[in-house]
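> Please find the sequence and the predicted model below.
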Amino acid sequence: MTAPTLEYAELAPLITVFGAAVIGVLIEAFVPRRARHTVQVVLALLALVASLVQVIALAGTEVVAAVGAVVIDGPALFLQGTILVLSIISIAFFAERKLEAGGDAFAPAASSLPGSDEERVLVRERRLQTEIYPLMLFAVAGMMLFPAANDLLIMFIALEVLSLPLYLMCGMARRRRLLSHEAALKYFLLGAFSSAVFLFGSAFVYGFAGSLRFSEISTALTTEIGKEGLLLSGVGLMAVGLLFKVGAVPFHAWTPDVYQGAPTPVTAFMAACTKLAAFGAMVRLFYVAFGGVRSDWQPMLWAVAIATMVVGAVVALTQTDIKRMLAYSSIAHAGFVLTALVAADQTATAAILFYLATYGIATLGAFAVVTLVRDSGGEATHLSKWAGLGKRSPIVAGTFALFLLAFAGIPMTSGFVGKLSVFAAAIDGGATPLVIVGVLASAVAAFFYVRVIVLMFFSAPAEEGPTVAVPSVWTTVGISLGAAATLLLGLVPGPLLDLAQQAAVFVR
Amino acid sequence: MSPTPYLVLSVILFTIGGAGVLLRRNALVAFMSVELMLNAANLAFVAFARMHGNLDGQIVAFFVMVVAAAEVVVGLAIIVTIFRTRRSASVDDASLLKL
Amino acid sequence: MSLYAPVIGLIIIAALFAVGSVVVSTVVGPKRYNRARLDSYECGVEPTPQPVGGGRFPIKYYLTAMTFIIFDIEIIFLYPWAVRFDQLGVFGFLAMVTFIVLISVPFVYEWRRGGLDWD
Amino acid sequence: MISTYSTLATAVSTQAEHGGQVAVEATGIYSWTWLLIAFPLLGAAVLLLGGRRTDRIGHLVGTVASSLSFVMGVVLFVAMLGEGDAERAFTLDLWEWFNAGGYQVEVSLLLDQLSMAFVLLITGVGSLIHVYSIGYMEHDERRRRFFGYLNLFVAAMLLLVLAADYLILFIGWEGVGLASYLLIGFWQHKPSAAVAAKKAFVVNRVGDMGMVLAVASMLAVFGSSSYSLVFANAENASTGWLTAIGLFLLLAACGKSAQFPLQSWLLDAMEGPTPVSALIHAATMVTAGVYLVVRSAAIYDLAPDARTAVVIVGAITLLMGAIIGCAKDDIKKALAGSTMSQIGYMMLAAGLGPAGYAFAIFHLLTHGFFKANMFLGAGSVMHGMNDEVDMRKFGGLRVAMPVTFATFAMGYLAIIGIPPFAGYFSKDRIIEAAFAENWVYGICALLGAGITAFYMTRVMLMTFFGARRWKQSEPPHESPSVMTVPLVVLAVLSVVGGAGLLYLTGDIVQWLAPVTGEAHHDLPMPLALLVTLTLLTVLAGVAVAWGMYGRKAIREDVPAGNPLTVAARRDLYGDAFNEAVLMRPGQYLTRSLVYVENRGVDGAVVGTATAVGGLSSRLRRWQTGFVRSYALTMFAGVGFVVVAMLLVRLP
């Protein structure tokens, strides 16, 4: 029996991040407490940057690696690179220690009881929880593996590797810990539920095809006759698992609650990167494995896309909490991406890749701005407190407005080009009615984005309103990068569009 | 070998698990129901592996057991924390985040 | 289409029956609630008294359970490897060593952070 | 990709560029055209992002940035003079903005005679106003920010006039709008300023909706929004579409240029600092609508109905603004009414087609000189009078502020059209062209000239003549020279600008002809008769004003006035009109307008806004907070998905 080969060079970005995560756990075990925070941040940054460098060096690679279990191709590398860039920026928000006096956004010890003496002592000692960094690295590694997975098993493993750390991270907020715990519980229970559904679906698909590999499933679509029931219910159940991760209606119910309850840096990371990874996996699964039966899954996705866009945009209208509003906005955005996904061709893939990159950056930035607006109880997330922010802090409000305009898809911002390309791809793919719904939904969406802008700039400031905290250089750099990228991709989207176009070829 | 009986059993288990998540208030029990769903999937995998005569399905079953175990650890950690804070593991008590 | 007609018919009947029985039971059934009604049903006998307060498992039990799971995972992969140890050769051996090293990392973490102290 | 685009553009431009001019690829000095925009943009970036560090040098940075742009403009202008008459159009492709979904937009600039005229106006007057603001804003602690906004405005305005694609123009269009709101609301501590900024924002949204619809229609009809392709293919498009596009563009122009029925924001915009009123709300931004119409000449030439609409809007506004100007006691608002009215003249001229385009631009330039001059003069008066704007509290200021008086007088003589001052040349041509087209237009224009003479004389008399009605202890002082020097420059331009543009630099009309085309009109009466008639009308206006305000003392309290005066004081019920037409369905409508514009959805959405809001609160209750109900939703979703998958194979 010959030993299987592993393409270490192509898998190096993944191995780097996984390795760093494991080392991070060891650091927790052996490095003295005072040095831990610095060491962890440095390690995480180094690992992510090193991984990013490797991804860039791999550009253009098209390899089926690890005996067919993993594919390193254009979409995988594009998404891995984007996820790494977003994670590096997220690290900056995680490491922010100037907003909370002497602490970061996370509870000093997740095990201490909220309101207990133990917690007070820990806060006074300025204890920091550093496990968040290895957890994040694990999640990043899972996210990088997810869109590269080429068989059902690896896809499931990656799904769990990215989800499990996120469940924990959601429960670690320093303030409003009960809400944070609740978010973690909800996310966990529903997430576990959805992965069980996903797994059950993959069992059916395996039962249909007799193989876990996407390529062989794709072949089986034409050879296996008479077991379509097995296949179709399997595809449906797997779709549910992925649609849950991207927050599509009717699997979206967790999104607002979890986005609101989780510590905001985690929300930012999760909203941006999970969606990228999950859409990447979804595109690969549906195009590579199930491309042959697209006429079967397209109607279902049509319905889901319409419901997602409508519910996301409409419910966001009446939200009063900024984090919940952004959560519904992210639901609507998932719907916009789904319109292109329905088209199922190379243009659509390119459009999705571009959209995800621009959306991820703007989302990170928007949530980071949310961390800056604070009152005595921590972040002031109620919309009424944001009234008149533009008068007191024009730069912060202006930056937030920029991100909102990008979400709304106003020209000159990255969101405009992104929306244009997904809608164009959907029209090419014959989904014009979907695009009409999409345009209507984005009109509704633009309304609530502009409402926030009007609130910030044209309303009288709220009495005893929140102050805008001055962040450390970490957050400042992170937000500036996000804003610059949002503007730049709105002005000169050409290079990234070309890159996405080149990267949009799947290796089977 | 016809996998149908196993498949039927697996679907029944899966449904029981799903119903458990919907109906049981205790987070721990709800979570156990999810584990039941995973094991239903395992059963299906193994049955199909037998039907197709390859080992892929069984390997998946191994991995699923591991993943399920990891999920247990994470789940227990979250549920225990909630229980210690609220003195209750009812999922209905955890409903501060809404609307 | 006609092939599916019985299936659809069955679905409709099932749905009607399910909805119907729920509706009928709420309309027809008595609305009195008492302790016995809300109690869990244990084959007609008095339910075993649930331990309230001190009767629960201590938290430590769960921690131990989590530690146990680490080894639970380990054995799943060790066993098939042990069965085909000779055929898997050096690659298999190295893979197993890597696996065991990785699995011991969280164990080390738990040990260093005091997870193994009972008190 | 760029090369294909350029060849395409060149290929079509040979037969199509309006007036027969071919735009060639910019080389040599012209390839530096982008510097025009880059200087003020860089200045704005330094000032707005530099924070307090740049507080001390902020005003200098701003002024230098604007002046550099002006110098660059002059260099380009001189270079352009050296080219042949019809070889003065250059396109500069900067980069491909995006190319998605078969729709390609290049960020490219078009420098031709028309944009050149604007560049010089914007940077020239802009730089003078920067200099003036150094003095005017001296005691404002947010002066740096003010200069940052001014630079931002100049950059956006230059982008607007230099764009070679409607979508790029739209970006500049929005940019000047943004700068305008920021500057109107600059003194945000005044609630009236904040309200005015909000009003400008909302009303301009309506106009922008027209712009979005116009661009969308162009995409639908021509598959592109670049000037070259749109103009080249205009002949092949149906008249219906062209009329629609023309009307959409007119709506956009109405919003930006404060034309009827979207005029109401301009009077409130006077809450901004006076240099802003001079630069943005008199000389440049509000004329963007005229630019838009003239630039779209190729479309309007083929859509006579749309052109008629332009003339009608122009005529109504020209009379309306003039009447409002008669009744205002606030010196800035009187001038704002006058601005509306003068832009009405330009619109009227632009609506006359090739016969009037050049005259519209000519009047736009001279108006830029004399109106900026008068606004700055008004600012100087306010500066000396502790920011008093009520003319009933002025009086006899010619002694206290001789320079301001003298320069203001030049502007006054220019606007009422006394030869040989600037306004005489430009306004008379519009009146001529109007008469040549149609008696009604002509009489409107003539009447407007008379009313203009009346209200400007009134402003003049109330401010600088008559008894002193100011009560402050120390007499008003003349402004510092940093403020008076720009006044003097602008006054000189007000005097010689008209004749200069006709005779000194070469005929402006000839200069613009390659862009706007030429048409000769036949007057229904001898030219001399018309000129005399115009002058008599003007003198009559002056005489009536003299009779009412010069001979008897001006009351400090406001007389009751006749119904027309009352109506005019209320901006001829512009707000009431807005209230009735725009704001009645409550906040939803105004807010809806904001988002209607964003997606270019028609008004049907407005009605459904309430319904959407209701639906939203309904759907929101779905989110009960109970994880089990979420799981139930998901379970139902699973059922739905699986059934949907299976049902597809049914038929």
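Cool, got the structure.

> show me the contacts for residue 349.
In the absence of a named chain, this looks at chain A. A:75, A:283, A:287, A:504-506 (C-beta atoms under 8 Å, 6 or more residues apart in numbering or on different chains). Every C-beta, even on glycine, is put in place using the N, C-alpha and C of the backbone.

> nope, chain D please
Neighbour list for D:Ala349: D:314, D:356-357, D:359-360, D:363, D:429-430, D:433-434 [criterion: C-beta under 8 Å, 6+ apart].

> Can I get those residues in TSV including secondary structure, neighbour count and pLDDT?
Formatted as TSV, the contacts of D:Ala349 follow (DSSP: H, G, I helix; E, B strand; the rest coil; neighbours: other C-beta atoms under 10 Å in any protein chain shown; pLDDT from 0 to 100):
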residue	secondary structure	neighbour count	pLDDT
D:Gly314	helix	37	88
D:Gly356	coil	34	83
D:Tyr357	helix	32	85
D:Phe359	helix	29	85
D:Ala360	helix	31	87
D:His363	helix	29	88
D:Arg429	helix	21	83
D:Ile430	helix	28	85
D:Ala433	helix	25	84
D:Ala434	helix	31	85
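
> The residue in chain C positioned nearest to chain D: what secondary structure?
Closest to chain D within chain C is C:Tyr4: 5.8 Å, counting by C-beta to the nearest C-beta. With DSSP: H, G, I helix; E, B strand; the rest coil as the basis, C:Tyr4 sits in helix.

> Taking the contacts of D:Ala349, tell me the two that lie furthest apart.
D:Gly314 and D:Arg429 (14.6 Å; C-beta to C-beta).

> Report pLDDT for the residue in chain D that chain B sits nearest to.
In chain D, the residue that lies nearest chain B is D:Gly625 (2.8 Å; C-beta to the nearest C-beta). D:Gly625 carries a pLDDT value of 78.

> near chain B, from the contacts of D:Ala349?
The overlap between those and the neighbours of chain B (C-beta under 8 Å from any C-beta of the partner chain) is empty.

> Now distance to chain A too, for those, in a markdown table please.
Converted to a markdown table, the contacts of D:Ala349 look like this (distance: C-beta to the nearest C-beta, whole Å):
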| residue | distance to chain A |
| --- | --- |
| D:Gly314 | 29 |
| D:Gly356 | 32 |
| D:Tyr357 | 28 |
| D:Phe359 | 33 |
| D:Ala360 | 28 |
| D:His363 | 32 |
| D:Arg429 | 38 |
| D:Ile430 | 35 |
| D:Ala433 | 37 |
| D:Ala434 | 37 |
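
> Can I get those residues in CSV including distance to A:Gly24?
Shown next, in CSV, are the contacts of D:Ala349 (distance: C-beta to C-beta, whole Å):
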residue, distance to A:Gly24
D:Gly314, 71
D:Gly356, 74
D:Tyr357, 70
D:Phe359, 74
D:Ala360, 69
D:His363, 72
D:Arg429, 78
D:Ile430, 76
D:Ala433, 78
D:Ala434, 79
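
> Surely B:Asp93 is in a helix?
No: secondary structure of B:Asp93 (three-state DSSP): coil, not part of a helix.

> Would you agree it is in contact with B:Thr85?
No: using C-beta atoms under 8 Å, B:Asp93 is not in contact with B:Thr85; the gap is 10.5 Å.

> In terms of residue numbering, what are the domains of chain D?
D:23-229+D:258-296, D:355-558, D:578-624 (the TED database).

> residue contacts, residue 66?
The chain I'm using is chain A. A:Ala66 touches A:4, A:6-7, A:11, counting by C-beta under 8 Å, 6+ apart.

> You answered for a different chain; I wanted chain B.
B:Val66 makes contacts with C:73, C:76-77, as judged by C-beta under 8 Å, 6+ apart.
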